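>>> Sequence below, structure please.
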Amino acid sequence: MRAVDIQNKSGMQYIHLSFSEEIEKVLKRYPCEVTSRIHSLEISLNVDGLPLFKSSSLSMWPVLCSIHLEPVIVFPVTLTLGSQRPLDLTFLEDAVTEIKQLLESGLTFDGRIIEVKLSCIVCDAPAKAMVKNTKSFSAYYGCDRCEQKGFWEGRMTYQEVDGFEVRTDHSFRAQTQPEHHKGRTPLTELPIDMAGQIPIDYMHQACLGVMKKLLTIWTRGEKGRSRQTMISIGQVDVVSARLIDLQQCIPSCFARKPRSLRHLERWKATELRQFLVYTGKLVLSGSLGSPLVLQQLPCLMCESSICLIELKRDVFKYCLYERITIMYLL
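Numbers count the residues shown, from 1 in each chain. A predicted model of the protein is given here:
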């Protein structure tokens with residue numbers, strides 16, 4: 001047991017752990033033959049809220065770090081506790097100061113200096129807006145990737161695909177579009193690309209977003225379009241039966257087995273990702289016959305291609321794969 005210094009920052013109870021000491025502790029958990037070959041170390045950061053109890057508003061907002069070695073180990077750098085989200089970004093300052101020093105001077109480990117590189121800062125959309133001190137993703141100027149003004153159509157949409165200004169690291173730091181910003185963020189002290197190294201939240205936008213939206217439209221229809229975008233109840237049952245049949249074929253590296261579309265509202269992000277990248281192309285064969293359903297098919301293909309390219313970076317191979325998949329589904 002050790003004593004820790006508990007402070008009050010950002011309206012929360014706050015504990016900061018020495019960044020370099022925590023990395024050293026983690027590196028010692030790897031075999032010597034692995035750490036002896038390390039000359040450069042990549043790390044990633046994560047900031048997110050964590051509710052502790054269903055019956056209470058008490059929550060934690062930790063700053064987590066992961067080291068890009070196999071297996072990946074995640075450890076806390078800063079811990080905050082309170083009944084609300086942080087009131088400001090002062091809880092990030094100590095972590096940012098230490099990370100900046102590590103990036104500049106490197107990490108002393110086992111009698112040698114290891115270069116440290118910050119790969120990315122990963123947050124979901126609400127947390128990302130908070131730590132970047134920008135408007136929410138649902139605001140008119142909330143887009144992380146461009147400077148166009150959003151259009152309200154039941155929800156905020158960014159419809160322009162040509163002729164808009166792309167948001168860059170320089171434009172973010174200079175705050176050339178003040179409508180996007182709420183103030184300054186400590187993260188600008190780090191030598192990172194504020195537009196490119198804080199990526200879009202894949203889990204919420206791709207899996208729980210686009211994939212779930214498409215499945216909901218196909219199985220329950222789309223508002224204002226009657227049944228034109230739906231597949232039949234019989235086809236839903238066929239797809240569900242195929243998913244259940246695949247349960248015995250799913251290896252243990254997958255966290256969950258496929259479930260029926262009848263339980264779609266309770267599907268987790270891992271199930272939606274599995275459907276998107278792996279099982280969906282098998283079970284949908286012969287079921288997407290409506291013209292409007294086929295119009296939505298490119299969304300699924302595009303999203304799947306991005307996921308696969310991120311996994312293997314073999315663009316030509318997976319573009320060919322998607323072309324064959326479209327022919328198979330039709």
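>>> okay, now the domains of this structure?
1-122, 202-329 (automatic domain parsing).
>>> which of those has the lowest average pLDDT?
Mean pLDDT is lowest for domain 202-329 out of the domains of the chain, coming in at a mean of 74.
>>> Dump the domains of the chain into CSV; add mean neighbour count as well.
Glycine gets a C-beta too; all of them are placed from N, C-alpha and C. Formatted as CSV, the domains of the chain follow (neighbours: other CB atoms under 10 Å):
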stretch, mean neighbour count
domain 1-122, 15
domain 202-329, 15
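>>> Of the ones you listed, which is nearest Y140?
domain 202-329 (18.6 Å; CB to CB).
>>> Quick check: closest non-adjacent residue to the residue nearest the centre of the chain.
Relative to the mean C-alpha position of the chain, the nearest C-alpha, by CA atoms, centre = their mean, is the one of D201, at 3.1 Å. Excluding the flanking residues, the one nearest D201 by CB to CB, 6 or more residues apart in numbering is D124, at 4.6 Å.
>>> Test my guess that that neighbour contacts C207.
No. Contact status for D124 versus C207: not in contact, 11.8 Å apart, counting by CB atoms under 8 Å.
>>> where exactly do the strands run in the stretch 1-150 of the chain?
With strands called from DSSP state E, counting those that start in this stretch, the stretch 1-150 of the chain shows them at 7-9, 12-16, 40-47, 50-51, 59-60, 63-67, 73-82, 107-109, 112-122.
>>> before we move on, the earlier item: isn't the residue nearest to the centre of the chain right next to C123, touching?
Yes. Counting by CB under 8 Å, D201 does reach C123; the two are 7.0 Å apart.
>>> Give me the buried positions along stretch 121-129.
Buried residues in stretch 121-129, counted by 16 or more other CB atoms under 10 Å: I121, V122, C123, D124, A125, A127, K128, A129.
>>> Now the residue sitting furthest away from the middle of the chain: phi and psi?
Centroid-distance maximum for the chain: G111 at 36.2 Å, with CA atoms, centre = their mean. With angles defined as degrees, to the nearest 10, G111 sits at phi 80, psi 10.
>>> I'd like the distance between it and S36.
Distance, G111 to S36, using CB to CB, to the nearest Å: 11 Å.
>>> go on, H170?
Distance, H170 to S36, by CB to CB: 40 Å.
>>> Isn't V166 up against R145?
Yes. Look at V166 against R145 with CB under 8 Å: they come within range, at 6.8 Å.
>>> Of the two, which one has the most company?
R145 (13 against 10; other CB atoms under 10 Å).
>>> quick one: contacts for that one?
V166, R167, A195, I200 (CB atoms under 8 Å, 6 or more residues apart in numbering).
>>> okay, who's weakest in the residues you listed by pLDDT?
Lowest pLDDT among the contacts of R145: I200, with 84.
>>> Now for that one, how many residues are close by?
The number of residues packed around I200, counting by other CB under 10 Å, is 12.
>>> Helix, strand, or coil at it?
Of the three states, I200 takes coil according to DSSP: H, G, I helix; E, B strand; the rest coil.
>>> Would you mind measuring from it to Q13?
In this structure, I200 and Q13 are 31 Å apart, going by CB to CB.
>>> So what does R273 have for phi and psi?
Here is the backbone geometry of R273 (degrees, to the nearest 10): phi -70, psi -40.
>>> check contacts around it.
By CB under 8 Å, 6+ apart, R273 lies in contact with M203, A206, C207, M211, C307.
>>> Max pairwise distance over the residues you listed: which two?
Among the contacts of R273, M203 and C307 lie farthest apart (CB to CB), at 11.4 Å.
>>> Please enumerate the helices of this structure.
Using DSSP state H, the helices of the chain run over residues 19-27, 32-35, 93-105, 125-132, 169-174, 202, 212-220, 233-245, 269-274, 280-283, 291-312, 315-329.
>>> W218 contacts T229, doesn't it?
Yes. At 6.8 Å, W218 and T229 qualify as touching, with contact defined as CB under 8 Å.
>>> Alright, I will stop here.
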